[in-house]
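>>> below: sequence and its predicted model.
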Amino acid sequence: MFLFPIVAITEIFNFFLLLFSPTHAGRVSNVDLPLNNDNSVLGSARNTTFLDVCVILEDDSYYVPSYSRVAAAVDLAISNANSFVLPPSIQLRTVVRSAGNSCSQSLHAVVTRLLRLARTGVQCNAYVGIGCATTAVAMYGIAEEANVPIFGCPAAGAASFALNATSEDAKFPLMVRVPFGLTDLSTAMATFFARYNYTHVTIFRDDSYSFFSLTSKYLMTSFRTLLKNLFRNSVEKPFTGTALPADRRASLLLEGKDRSRVFVLLTSAATVRKFMVTARELGLTQGEFVFIAVELYELKYWGRISYSQSDNDDNNARDAFQSLIIFSLTNNADSTALEDNLVATIKKLSKERYNYTFKALEIPDPVVLSFYESIMIYAQEVSSMTDEGLDIMNGSMMTQRIFGTTYVGITGSLIIGPSGQRARSMVIKNFDPDTGQFKVAIQYQRVGSGGNQTYQTIDQTLWFTNDGVMPPDEPQCGFRDDQCQRLSTGILAVVIVIPLLVLSAITTAAVFAVLKLRELRKDYNPDWWKVHQDDLIIKQNRTGSGTVSKKSLTSHSTAGSGVTGFSAYNCDILASFNNTLVALTDVAALDVIPNADIISKLNLLKNATQPNLQRFIGIGLTPTGKCQYVIAELCAKGALIDVLNYTDIKLDWSFKNSLIKDIVFGAPERLQS
């Protein structure tokens with residue numbers, strides 16, 4: 001059947017001007033193709049070599065439910081390869097065969113089907129379309145014997161059957177996993193765990209989905225190589241079926257709670273939602289536990305993760321989803337015109353030729369596009385090897401050329417990693433409670449074909465609590481709250497009482513110090529010695545009388561006297577200060593204004609307190625600030641010198657002994673001060 005080309009003649013001409021052969025080892029191969037759905041065979045002339053591309057699909061495939069979904073992509077690839085990539089002497093043709101139920105039931109079914117195909121005389125030069133890893137591994141022996149490349153679509157997880165899933169050496173050197181592999185998923189997840197210091201992870205594995213079973217095994221094998229400490233502290237918790245009862249889900253979560261705070265839910269979208277609702281009921285969705293799900297792209301097999309199912313759990317699920325993050329393939333929003341045309345053409349041909357209708361806004365998923373990409377990669381390598389004089393029937397040589405190569409022009413930039421897996425960028429999505437949708441928070445961008453990834457934070461608030469900071473790997477007292485020291489009642493009492501007593505003593509001392517400080521501040525007065533004349537009330541002043549002398553005592557006996565009134569005091573100037581009689585000494589003639597040296601000496605006099613010493617009280621100042629009086633404690637019979645100079649006083653031995661005693665007790669205080 002002949003169809004009109006959908007590209008202009010000028011585009012075909014430009015294609016031949018741009019097309020050139022690739023280089024090897026980390027090379028970049030440019031394949032600038034117009035999209036042509038002309039399925040005519042240009043190589044019908046003599047001496048044409050036909051290469052059979054065997055498209056193998058499982059009857060129970062969860063990636064491709066029927067051949068009609070990918071048939072247009074296969075036809076378009078064969079047409080473009082024959083028309084624009086291969087020389088007229090080499091042409092491709094397709095042979096479509098079923099692999100049986102080799103995804104879930106009879107792993108040997110694909111081997112049986114391929115042997116039957118071989119008996120019909122068909123010799124497959126390339127295998128395309130194997131979806132399940134079990135199918136790819138089961139048929140690998142046949143491909144190895146014939147040295148034929150396998151283009152898995154995707155055959156992801158095949159390395160789970162190898163002892164080391166992350167080895168740079170391909171465990172299946174004839175296998176190319178075109179749409180995606182699990183290396184990028186495991187690397188992105190390991191990078192996430194390392195970045196946030198998570199070394200304890202529990203993986204809940206749904207064994208009713210073979211994809212998730214293989215993914216779980218692949219992750220554990222990858223952790224063993226990349227993060228040994230994480231591998232030692234991680235565990236798988238298997239379960240089966242979406243009909244898992246709520247009490248069993250709760251039991252699984254509580255078992256995981258005893259060993260980790262990070263839960264990886266490898267199950268369908270519906271079961272993820274059920275786990276999250278149960279986790280909320282157990283109080284595990286308040287920000288202390290991290291739940292991780294895997295939804296590589298939108299596929300009916302695993303469903304679309306959404307809180308809304310129009311049931312009574314919608315509100316609970318919406319709240320719980322804040323603790324859930326999703327690992328997905330990067331959605332290529334910045335597609336090229338070539339990719340847009342390819343998608344449009346596949347959708348158009350699917351409806352016209354195979355009566356298969358994609359949804360209006362549906363974009364064929366990575367697996368559908370990989371059928372086109374696989375055939376174009378194979379055709380490109382056949383063409384390049386022919387130009388270089390190499391054996392195009394040598395499948396191992398061809399796949400080694402494909403590994404580590406970047407193809408430009410098939411569907412944008414297509415990178416095949418060093419282990420034969422398509423290099424894909426990954427994103428981590430967190431839940432936005434306002435919109436009810438998951439949004440990109442972190443992106444792991446693949447750089448080149450060497451397997452390098454760059455980490456890019458899109459949303460700084462990755463986590464919904466603790467200011468966006470992810471929760472710690474382990475609680476302070478351990479996962480089972482058993483790593484903190486438990487104290488007996490007696491020890492606990494001592495631990496509590498002793499600090500309380502110490503605290504009480506410190507508080508008492510502090511209160512005393514504060515009160516004492518207040519008292520000191522109250523008592524402290526730098527002008528304590530100043531006495532204004534208004535505060536002095538002169539009671540008697542003998543200094544101005546010529547007839548009255550301070551030495552005129554009413555009694556000339558040391559036995560005492562009964563005289564009353566101020567005249568009984570042997571004092572020149574007697575005054576009252578603060579309702580207390582004091583003795584004044586007039587020093588106005590000295591004409592002195594108190595200075596710092598005088599005030600310093602007055603402070604010494606203030607501290608000289610002793611019963612046998614006359615106490616200094618202060619200095620009486622004139623209104624101009626000059627010294628007028630020296631104010632001191634009142635001595636009834638005057639100072640010692642006055643008594644000794646007054647000859648009329650008869651000093652008996654009782655009085656002398658009293659004077660001697662007063663001198664002895666007063667001298668040390670005076671000398672010390």
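All right, it came through fine. Numbering: from 1, shown residues only.
>>> ranges for the strands of the stretch 151-300 of the chain?
Using DSSP state E, counting those that start in this stretch, the strands of the stretch 151-300 of the chain run over 175-177, 201-206, 235-239, 262-266, 290-294.
>>> quick one, grab the pLDDT at residue 15.
Predicted confidence (pLDDT) for residue 15: 38.
>>> likewise residue 520?
Reported pLDDT for residue 520: 63.
>>> before we move on, back to that, tabulate the strands of the stretch 151-300 of the chain (TSV), appending mean pLDDT and mean neighbour count.
Backbone N, C-alpha and C define where each C-beta goes, glycine included. Converted to TSV, the strands of the stretch 151-300 of the chain look like this (pLDDT from 0 to 100; neighbours: other CB atoms under 10 Å):
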stretch	mean pLDDT	mean neighbour count
strand 175-177	96	30
strand 201-206	97	24
strand 235-239	96	16
strand 262-266	98	25
strand 290-294	98	23
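>>> redo these as TSV? Include distance to residue 604.
Formatted as TSV, these follow (distance: least, CB to CB, whole Å):
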stretch	distance to residue 604
strand 175-177	100
strand 201-206	80
strand 235-239	84
strand 262-266	78
strand 290-294	76
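>>> nearest to residue 599, of those strands?
Closest to residue 599 of these is strand 290-294 (CB to CB; 75.0 Å).
>>> partners of the closest one, with directions?
Sheet pairing of strand 290-294 (DSSP bridges) gives strand 262-266 (parallel), strand 324-329 (parallel).
>>> burial of residue 386, as a residue count?
17 (other CB atoms under 10 Å).
>>> which residues in the stretch 401-550 of the chain form strands?
Counting by DSSP E, counting those that start in this stretch, the stretch 401-550 of the chain has these strands, from start to end: 406-408, 413-415, 426-432, 437-447, 452-457, 530-532, 536-541.
>>> now the first one, how far from the centre of its chain.
Centroid separation for strand 406-408 versus its chain: 36 Å, with CA atoms, centre = their mean, to the nearest Å.
>>> still on that earlier bit, I'd like to know which of the strands of the stretch 151-300 of the chain is closest to residue 350.
Judging the strands of the stretch 151-300 of the chain by CB to CB, what sits closest to residue 350 is strand 175-177, at 23.9 Å.
>>> that older thread, and of the strands of the stretch 401-550 of the chain, who's closest to residue 277?
Closest to residue 277 of these is strand 426-432 (CB to CB; 14.0 Å).
>>> just to revisit the earlier point, out of the strands of the stretch 401-550 of the chain, flag the one nearest residue 354.
With CB to CB as the criterion, residue 354 lies closest to strand 413-415 of the strands of the stretch 401-550 of the chain, at 25.0 Å.
>>> could I get the buried residue list for the closest one?
Buried residues in strand 413-415, counted by 16 or more other CB atoms under 10 Å: 414-415.
>>> mind listing the strands that strand pairs with, and their directions?
The pairing partners recorded for strand 413-415 under DSSP bridges are strand 406-408 (antiparallel).
>>> buried residues, the strand it pairs with. List them.
For strand 406-408, burial by neighbour count (16+ other CB under 10 Å) applies to 406-407.
>>> same question, stretch 392-410
For stretch 392-410, a neighbour-count test (16+ other CB under 10 Å) marks 392-393, 395, 397-407, 409-410 as buried.
>>> next: stretch 455-463.
462-463.
>>> just the CA atoms of that stretch, as PDB, please.
Only the C-alpha atoms of stretch 455-463 are listed here, as PDB (Å, rounded to 0.1, in the frame of the first residue of the first chain):
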ATOM      1  CA  TYR A 455      21.100  18.100  41.300                       C
ATOM      2  CA  GLN A 456      18.800  21.100  40.800                       C
ATOM      3  CA  THR A 457      16.400  22.300  43.500                       C
ATOM      4  CA  ILE A 458      13.200  23.800  42.000                       C
ATOM      5  CA  ASP A 459      11.200  24.300  45.100                       C
ATOM      6  CA  GLN A 460      13.200  25.300  48.200                       C
ATOM      7  CA  THR A 461      10.400  24.200  50.600                       C
ATOM      8  CA  LEU A 462      10.600  20.500  49.800                       C
ATOM      9  CA  TRP A 463       8.900  19.500  53.000                       C
END
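>>> closest to residue 464 out of the strands of the stretch 151-300 of the chain?
So among these, strand 290-294 is nearest, using CB to CB, at 11.1 Å.
>>> sorry, back to before: of the buried residues of stretch 392-410, closest to residue 582?
The closest of those to residue 582 turns out to be residue 406 (CB to CB; 109.8 Å).
>>> which ones are touching residue 190?
The neighbours of residue 190, taking CB atoms under 8 Å, 6 or more residues apart in numbering as the test, are 222-223, 226-227, 230.
>>> ok, which stretches of the stretch 301-450 of the chain are helices?
Ranges of helices in the stretch 301-450 of the chain, per DSSP state H, counting those that start in this stretch, are 314-320, 337-354, 366-387, 395-402.
>>> perfect, that will be all.
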